[in-house]
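# Show me the folded form of this:
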Amino acid sequence: MAETQCPMPNADSQSESQCRANSNTKNPWDITPKERAIFSIIVMTGAFMAILDTTVVDVIVPKLTGPLATDMYGVQWIITSYMVAAAIALLITEWLIKRFGAKRVFLGGVALFTTASLMCGLSSALEQIIIFRVIQGVGEALIMVTSHIMIFSYFPPEKQGLAMGIYGLGVSFAPALGPTIGGYLTEYYNWRMVFFINVPVGVLLLIAGLIYLPRERFFGSLRFNFISFAFLAIGTIALLIMLSRGQELGWFHSIEIGVLLLVSLIGFLLYALSELWSKHRLIDFTLFKNPLFANGMMIYFFILGFSMYQYFYLLPVYYEHIKMLPTLDAGIAVFAFAVFIGLFSPLAGILADKIGAKRTVAIAAAFYVVTSILFLPRLNYYTPLHQAMLLTIPFGIGMGLFFAPVTVMVLQNAPGHKGELAIVLMDYFRFVGGSFGTALATNNMEYFKNLQFLRMEELQNTEYLGWFLDKMHQSLGLPLEQIKAIFGNYEAFMSYNYGFYNTFMHAGYWGIFGSLFVVLLFVNFRKNPQKERP
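Numbers count the residues shown, from 1 in each chain. Down below sits the predicted model:
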């Protein structure tokens with residue numbers, strides 16, 4: 001009979017205390033400060049490397065059409081395949097951890113990610129790079145869940161906020177830093193370096209992990225529901241592909257999008273039926289009976305996914321296409337607020353330990369919403385670059401304050417033996433919510449650009465416009481049709497510029513919607529509220 005693994009640290013977990021007593025083993029956080037620092041650096045380097053790849057590749061995608069002999073729609077699969085593979089692999093990670101232990105799964109993920117990175121850099125055809133991006137996505141999922149679990153276990157319960165603040169450096173800081181690193185490598189080397197840079201880091205991580213990371217002694221047996229997994233995987237794959245290709249194919253004007261939506265709905269419906277009829281469920285939804293856990297997941301889904309990921313996508317586009325900055329300069333501009341994400345993530349964790357995760361979440365959500373609504377919509381073509389960078393700094397602070405307290409609150413309100421599942425659900429929500437957010441940003445940008453173009457034409461004085469174009473024709477000596485084309489391009493650019501205001505505002509509206517769940521944190525739903533974590 002398999003021995004059971006003690007649950008993740010949870011200050012109120014009686015099962016954890018009993019497990020430690022029965023197994024006569026010390027707590028995982030009973031280590032020296034030096035060991036804690038070494039373990040945390042190894043784990044965080046892996047998480048940082050993995051999640052950085054979710055945005056660093058975005059910069060090089062437009063540059064791959066030539067080398068890979070394809071178009072923009074083809075290279076988009078380089079991103080989509082990674083995202084889909086990572087989301088599906090998340091669903092099996094809890095079972096792998098229970099079966100083999102977090103250390104082995106972490107190192108296996110690093111090995112997969114590193115090998116796939118090397119092969120992506122060596123690829124010469126679109127089909128090859130897509131296959132290796134799928135493998136890379138699986139590695140990313142294994143790394144993210146296990147690193148989350150391990151770093152949480154290295155800190156005692158009273159310092160869980162600090163642990164998640166450190167982890168937030170990877171989850172929040174790395175995606176914002178991606179365009180900067182991608183821009184630099186592409187500008188001074190070539191697109192293959194975006195993948196090759198992972199190889200030495202991954203090799204060093206494997207060596208350091210094998211030598212230093214502690215080995216778990218206790219493992220558990222977990223029945224894995226492959227039928228539910230298959231149905232949920234089908235629903236998720238169809239949903240993510242639909243979100244990725246919706247703008248390209250015209251959303252519901254396309255038969256393919258309709259088919260993907262139908263397949264997704266059927267997949268999720270069959271998954272629900274499978275879970276109802278199964279004795280061994282893939283996901284334990286009783287976790288959501290705890291209001292703090294459920295609201296925390298919704299905050300994570302809507303603010304981090306629907307709202308923040310829109311800004312991750314929009315800000316590099318703003319700097320490159322509205323401010324007309326080269327790729328590297330756009331990455332440096334994005335770095336201005338990314339630095340503050342990194343600075344304030346640990347501070348938010350410390351604050352969560354001092355005043356409680358719930359109160360810190362409220363402060364973070366208020367700061368994030370105010371800055372995203374008041375500052376970012378002011379960005380346009382006429383905004384000086386230094387002012388644009390300054391306006392994004394308060395937004396970076398808001399993002400830095402957000403991740404750690406939400407994560408601590410969710411994990412503290414999950415039973416100790418369900419910690420792995422809680423982390424899997426958070427990362428799954430991040431992927432799906434982020435996919436929705438990116439799709440919304442793309443769709444809104446196109447919609448508001450066209451809307452602003454139509455409004456500009458409605459307000460034009462056609463007689464004066466005709467006189468102006470004729471005067472430019474005479475002054476410049478260019479054909480009248482060419483003058484009209486130049487003016488039409490100017491109109492299109494300005495409609496794109498003004499469309500950013502509306503798109504930024506709508507991303508902020510999702511932050512406001514997510515903040516409704518923050519308010520619900522302070523509503524007492526239980527008869528025995530003392531059982532809930534603050």
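
# list the contacts for L169?
M44, F48, G342, S345, P346 (CB atoms under 8 Å, 6 or more residues apart in numbering). Quick note: C-beta positions are derived from backbone N, CA and C, even for glycine.

# got the residues you listed as JSON lines, with pLDDT, distance to G183 and secondary structure columns?
JSON lines is the format used below for those (pLDDT from 0 to 100; distance: CB to CB, whole Å; DSSP: H, G, I helix; E, B strand; the rest coil):
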{"residue": "M44", "pLDDT": "88", "distance to G183": "23", "secondary structure": "helix"}
{"residue": "F48", "pLDDT": "86", "distance to G183": "18", "secondary structure": "helix"}
{"residue": "G342", "pLDDT": "80", "distance to G183": "18", "secondary structure": "helix"}
{"residue": "S345", "pLDDT": "85", "distance to G183": "23", "secondary structure": "helix"}
{"residue": "P346", "pLDDT": "85", "distance to G183": "26", "secondary structure": "helix"}
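
# what about the stretch 151-300 of the chain, any weak spots by pLDDT?
For the stretch 151-300 of the chain, the stretches with pLDDT under 70 are 170-172, 176, 216-222, 247-248.

# Can you list the low-confidence ranges for the stretch 401-534 of the chain?
525-534.

# Could I get the full set of strands for it?
All residues of the stretch 401-534 of the chain lie outside strands when identified by DSSP state E, counting those that start in this stretch.

# gap between Q474 and I41?
Applying CB to CB, to the nearest Å, the value for Q474 to I41 is 68 Å.

# same thing with I143?
Computed as CB to CB, the I143 to I41 distance reads 15 Å.

# just A330 next, same as before
Taking CB to CB as the measure, A330 falls 30 Å from I41.

# quick one on the thing from earlier: which one of I143 and I41 is surrounded by more residues?
I143 (30 against 13; other CB atoms under 10 Å).

# where does the more buried one land in three-state SS?
helix (DSSP: H, G, I helix; E, B strand; the rest coil).

# cool, A69 as well?
On the basis of three-state DSSP, A69 is classed as coil.

# isn't it right next to I129, touching?
No. The criterion here is CB atoms under 8 Å, and A69 misses it with I129 at 11.8 Å.

# Who has more neighbours out of the two?
Just comparing A69 and I129: by other CB under 10 Å the higher neighbour count belongs to I129, 25 against 11.

# what's that one in contact with, if anything?
The neighbours of I129, taking CB under 8 Å, 6+ apart as the test, are L68, I78, C120, S123.

# How confident was the prediction at it?
You'll see I129 listed with a pLDDT of 88.

# Quick check: PyMOL command selecting the buried ones in the contacts of I129.
Remark: buried members of the contacts of I129, expressed as a PyMOL selection using 16 or more other CB atoms under 10 Å:
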select buried, resi 68+78+120+123
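
# What is the most widely separated pair among the contacts of I129?
Within the contacts of I129, L68 and C120 form the most distant pair, 11.4 Å apart (CB to CB).

# Report how many residues lie close to M119.
Neighbours around M119, by other CB under 10 Å: 17.

# which residue packs closest to it, ignoring adjacent ones?
F132 (4.3 Å; CB to CB, 6 or more residues apart in numbering).

# Please tell me how far the one you found sits from V105.
Taking CB to CB, one finds F132 at 20 Å from V105.

# Let's see if you can find the most crowded of the contacts of L169.
S345 (25 neighbours).

# dump the residue contacts of that residue.
Neighbouring residues of S345 by CB under 8 Å, 6+ apart: G165, I166, G168, L169, S172, F173, G400, L401, F403, A404.

# Quickly find the element holding the closest residue to V199 other than its chain neighbours.
In space, and not counting its chain neighbours, V199 is closest to L118: 5.1 Å by CB to CB, 6+ apart. Using DSSP states H and E, the element containing L118 is helix 102-122.

# And stretch 120-138, what's buried?
Residues of stretch 120-138 classed as buried: 120-121, 123, 126, 129-138 (neighbour count, 16+ other CB under 10 Å).

# So T503 is in contact with E446, correct?
No. When contacts are counted by CB under 8 Å, T503 is not listed as touching E446 (9.4 Å).

# out of these two, which sits in the busier spot?
Legend: neighbour count by other CB under 10 Å for T503 and E446, higher for T503 (27 against 14).

# Wait, L261 touches M242, no?
Yes. Assessed by CB under 8 Å, L261 is found in contact with M242 at 5.8 Å.

# So if I had to pick from these two, which one is more boxed in?
Remark: of L261 and M242, M242 carries more neighbours, 23 against 16, as counted by other CB under 10 Å.

# what's the closest non-adjacent residue to that one?
Using CB to CB, 6+ apart, the nearest residue to M242 is L260, at 3.9 Å.

# Flag every buried residue along whichever strand or helix holds that neighbour.
Following DSSP H and E, one finds L260 within helix 255-277. The neighbour-count check on helix 255-277 (16+ other CB under 10 Å) flags I257, L260, L261, V263, S264, G267, F268, L270, Y271, S274, E275 as buried.

# Output the contacting helices and strands for that helix.
helix 226-249 (3 or more CB pairs under 8 Å, 6 or more residues apart in numbering; DSSP states H and E).

# Could you export the helix it packs on as PDB, CA atoms only?
Coordinates of each C-alpha in helix 226-249 appear next as PDB, following Å, rounded to 0.1, in the frame of the first residue of the first chain:
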ATOM      1  CA  PHE A 226      -9.100   9.600 -17.900                       C
ATOM      2  CA  ILE A 227     -12.700   9.900 -19.300                       C
ATOM      3  CA  SER A 228     -13.300  13.200 -17.600                       C
ATOM      4  CA  PHE A 229      -9.800  14.300 -18.600                       C
ATOM      5  CA  ALA A 230     -10.500  13.500 -22.200                       C
ATOM      6  CA  PHE A 231     -13.800  15.400 -22.300                       C
ATOM      7  CA  LEU A 232     -12.400  18.400 -20.500                       C
ATOM      8  CA  ALA A 233      -9.300  18.400 -22.800                       C
ATOM      9  CA  ILE A 234     -11.500  18.400 -25.900                       C
ATOM     10  CA  GLY A 235     -13.600  21.200 -24.600                       C
ATOM     11  CA  THR A 236     -10.600  23.300 -23.600                       C
ATOM     12  CA  ILE A 237      -8.700  22.700 -26.900                       C
ATOM     13  CA  ALA A 238     -11.700  23.700 -29.000                       C
ATOM     14  CA  LEU A 239     -12.300  26.800 -26.800                       C
ATOM     15  CA  LEU A 240      -8.700  28.000 -27.000                       C
ATOM     16  CA  ILE A 241      -8.400  27.500 -30.700                       C
ATOM     17  CA  MET A 242     -11.700  29.300 -31.200                       C
ATOM     18  CA  LEU A 243     -10.500  32.300 -29.100                       C
ATOM     19  CA  SER A 244      -7.200  32.300 -31.000                       C
ATOM     20  CA  ARG A 245      -8.700  32.200 -34.500                       C
ATOM     21  CA  GLY A 246     -11.900  34.100 -33.900                       C
ATOM     22  CA  GLN A 247     -10.600  37.500 -35.200                       C
ATOM     23  CA  GLU A 248      -8.800  35.900 -38.100                       C
ATOM     24  CA  LEU A 249     -11.900  34.000 -39.300                       C
END
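
# which residues touch it?
Under the contact criterion CB under 8 Å, 6+ apart, helix 226-249 has outside partners 73, 76, 79-80, 83-84, 87-88, 91-92, 256-257, 260-261, 263-268, 270-271, 274-275, 278, 281-283, 431-432, 435-436, 438-439, 442-443, 446.

# that older thread, and the contacts of L169, which two are the farthest apart?
Longest span within the contacts of L169, CB to CB: F48 and P346, 14.0 Å.

# so Y309 sits right up against V432, yeah?
No. Y309 is beyond contact range of V432, at 10.6 Å (criterion: CB under 8 Å).
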